[in-house]
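A.B. asks: Mind looking at a prediction? Sequence and model below.
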Amino acid sequence: MKNGWSIKDVKREAFRALKNNFVACFAVCFVMVFIAGQYGGSTQFIASYDMQNVTNLRVSAADKRQVVETMKREGLTPEQADDMFNIGDIAAVKNWEQTYDEYGENSLNAKELTFFHSGNESSNWAIIDNTVSLVSGKDRPITAFVSDKTRRYEQNVSDAFDMVTKEYSPHFQVLNAILAFFSDMTAWDIFVTIGTSLFSILAAVFVSDTLILGERRFFLENRIYRRTNIGRMGFAIKELCLKPLKTLVLMHIYRGLWFFTVVGGFYKTYEYYMIPYILAENPNIETKKAFALSKEMMRGNKWHTFLLNASFLLIEVPVIVGSAAMGFLIFGRDAVIVNALIVYTGLGVARIGFLNAYKTASDAELYIRLRRNVIAEGCEFSEELCDRWLDPEILDEGVEYDTPAGTLTPAEMLLLESYPGAAGFNKEYIGVSGKKMKIRHDYHRSYRFTSVAIVFFSFACIGWLWEVAIHVIEDGELINRGSLHGPWLPIYGVGGTAAVLFLKKWRDKPALSFMIVVICSGIFEYLTSWYFDKYKGLQYWNYHGYFMNINGRICLEGLVVFGFAGLACIYILAPVIDDIAAHIPQRVKNVVAAVLIVLLAVDVIYSFNVPNKGKGITDYCSQVVSVEQFR
């Protein structure tokens, strides 16, 4: 199929659709970044400036300088300094010294840890390096080749590789699980590695892939219906659409295998390019038909689509140049770390704030144009593209069509603000039930007491699972996070539930809701940290060194994530949990709520006297021994 479209036209129409509903488009893509793990370069660019500097959050910037300056003054090796100051991380000491030598003492003020940095033994780069080590019999030959001059180059290459391949991380985790059996790890380490890999794969299938379908569906509707709600991205979750997940899993597997040929992987990436959009339009389509349709749609369009994607890189050039110029003007040319921070942050903000949504809107516009071509040419399986309301412009003008929203002409459909209905499926999408419009995920709803209790405990348990999973993945250790002993983190439950209940008045103003959540969560997190520090002598988190932190108790990154998590609670999670709970008999819900409340009360009373603490929970205080002790 020859391409009959231009990059300029596709981007112009995508920009129009984006402008008409920007807040919702932005929110959807933000969810995809921080929950589904998509648009990997967005967070990597914000985070990567400091990854080579420090690894130990327990050591303050002043203590790092003290350690390095003592090493210089007394001629200590990193091993000697590590033992002398009781640091327990020789690699970190080496990095501090190298960073000090290359960038000066102020470079040790840089942020030490980011939410989504994967530069550890389970990163994609490390997995490939370990695989080559196993096959060649040499100790990490790729790393040795890259870091001939300085370790900094290795980290830069590693970060870049992880950024490019982040979307394919589940494939690498399969390889990581296989490597575990050929390593000298203990049985427990092998178990944790395999468990981590399995968790990553399941999360990719049932969370990321489900949200990918929802995101594609949202943007397909948004190009016509200018008030498409962000809740539309949850249709696959609501309807438990497992059939398209099977197709996406097979797509990932085939593409991953083709990447062993290198060139074939890139070729198949564009051949399969339209599969998620086909599944978003018709989740009941058979796998082989989805593959065949995507192949037909992309025939003669792969190179042009590549150029479309590359055109977004040109938009980033002014951002990079402008950020660099601003850094040079304000801080001078010698402030390398600070200037790099400004460039990376500017690029990350540009991607999260605009470019991610712009690119996906362009892909949705491209899909519609290629869809029109296969329908017009009567290509095989084109009848599976049966959701006519996605593109009213190609329907017969003047003809009236029956929709769940009533009998409408194509011209009348184009005036609607929301998608009028679904056609051709065994199940209807969110918002449509039979012949009546029914908002099944209505976020304006009121919640009964038992529903509030279930929502609270759901949020608290999700938060606990999230933090436990992070430590398993990053540290290979199963740690019971939080001040309590049960499988819950009340700070998540309180924050999410408060956002759902107390922001009802502003639910139609997501931007205002976001700001309120950011401010309130910041106050709550700060006071909670202050209480445990002052009255219990414990630190359950420490943001010292993070960008724009206040006394290490709160930081800008955390508050932004909390803000969008609050929106997810209001518009997606709470309504979905409430709908699921609606299928449970009220008497059972009453008993469950009562039991959970009693258990939590007992846990709170017990933990008040015997708080949960220990390694990975409260060991965030600096353990550096003062150099004055040796004088």
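C.D. replies: Happy to help now that I have it. Computed from a prediction, not measured in an experiment: that's the story for all the values here. Numbering: from 1, shown residues only.

A.B. asks: Number of residues surrounding residue 262?
C.D. replies: The number of residues packed near residue 262 is 9, by other Cβ atoms under 10 Å. Quick note: C-beta positions are derived from backbone N, CA and C, even for glycine.

A.B. asks: swap that for residue 376, sorry
C.D. replies: 11.

A.B. asks: Kindly state the pLDDT recorded for it?
C.D. replies: Residue 376 is assigned a predicted lDDT (pLDDT) of 91.

A.B. asks: From residue 390, how far out is it?
C.D. replies: From residue 376 over to residue 390 the distance is 15 Å, taken as Cβ to Cβ, to the nearest Å.

A.B. asks: Where do the strands of the chain begin and end?
C.D. replies: Residue ranges of the strands in the chain, as given by DSSP state E, are 401-403, 406-408, 432-433, 436-437, 549-550, 554-555.

A.B. asks: Let me see the mean pLDDT of the first one.
C.D. replies: Spelled out, it's strand 401-403. Strand 401-403 shows a mean pLDDT of 79.

A.B. asks: what's that strand packed up against?
C.D. replies: Applying 3 or more Cβ pairs under 8 Å, 6 or more residues apart in numbering; DSSP states H and E, one finds that strand 401-403 contacts helix 410-413.

A.B. asks: What are the buried residues along the helix it packs on?
C.D. replies: 410, 412, 413 (16 or more other Cβ atoms under 10 Å).

A.B. asks: Output the residues you listed in TSV; the columns should cover distance to residue 397 and pLDDT.
C.D. replies: What follows is these, written out as TSV (distance: Cβ to Cβ, whole Å; pLDDT from 0 to 100):
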residue	distance to residue 397	pLDDT
410	6	84
412	11	83
413	11	83
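
A.B. asks: Reformat those residues as a markdown table; add distance to residue 609.
C.D. replies: As requested, those are arranged in a markdown table below (distance: Cβ to Cβ, whole Å):
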| residue | distance to residue 609 |
| --- | --- |
| 410 | 69 |
| 412 | 67 |
| 413 | 64 |
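
A.B. asks: what's the spacing between residue 575 and residue 353?
C.D. replies: Using Cβ to Cβ, one obtains 26 Å as the distance from residue 575 to residue 353.

A.B. asks: Between these two, which is the more surrounded one?
C.D. replies: For residue 575 versus residue 353, neighbours defined as other Cβ under 10 Å are more numerous around residue 575 (25 against 14).

A.B. asks: close enough to count as contact, the more buried one and residue 444?
C.D. replies: No - with contact defined as Cβ atoms under 8 Å, residue 575 does not reach residue 444; the gap is 9.4 Å.

A.B. asks: for the strands of the chain, which one sits closest to residue 32?
C.D. replies: When those are ranked by distance to residue 32, counting by Cβ to Cβ, first place goes to strand 554-555 at 22.7 Å.

A.B. asks: Would you mind pulling up the elements that the closest one packs against?
C.D. replies: Taking 3+ Cβ pairs under 8 Å, 6+ apart as contact, the helices and strands that strand 554-555 lies on are helix 510-531.

A.B. asks: so how far is the helix it packs on off the chain centroid?
C.D. replies: Here helix 510-531 shows a centroid-to-chain-centroid distance of 21 Å under the convention Cα atoms, centre = their mean, to the nearest Å.

A.B. asks: what's it packed up against?
C.D. replies: Helices and strands touching helix 510-531, by 3+ Cβ pairs under 8 Å, 6+ apart, are helix 22-34, helix 490-502, strand 554-555, helix 556-568.

A.B. asks: could I have it exported to CSV, CA atoms only?
C.D. replies: Backbone C-alpha positions of helix 510-531 (Å, rounded to 0.1, in the frame of the first residue of the first chain) are rendered in CSV as follows:
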residue,chain,number,x,y,z
PRO,A,510,-8.3,18.3,37.1
ALA,A,511,-5.6,21.0,37.0
LEU,A,512,-6.9,22.6,40.2
SER,A,513,-7.3,19.1,41.8
PHE,A,514,-3.7,18.4,40.9
MET,A,515,-2.4,21.5,42.6
ILE,A,516,-4.5,20.9,45.8
VAL,A,517,-3.2,17.3,46.0
VAL,A,518,0.4,18.4,45.6
ILE,A,519,0.1,21.0,48.3
CYS,A,520,-1.8,18.9,50.8
SER,A,521,0.3,15.8,50.2
GLY,A,522,3.5,17.9,50.7
ILE,A,523,2.2,19.2,54.0
PHE,A,524,1.1,15.7,55.2
GLU,A,525,4.3,14.0,54.1
TYR,A,526,6.4,16.7,55.8
LEU,A,527,4.6,16.5,59.1
THR,A,528,4.6,12.7,59.1
SER,A,529,8.4,12.7,58.5
TRP,A,530,8.9,15.4,61.1
TYR,A,531,6.9,13.4,63.7
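
A.B. asks: All good on my end, thank you.
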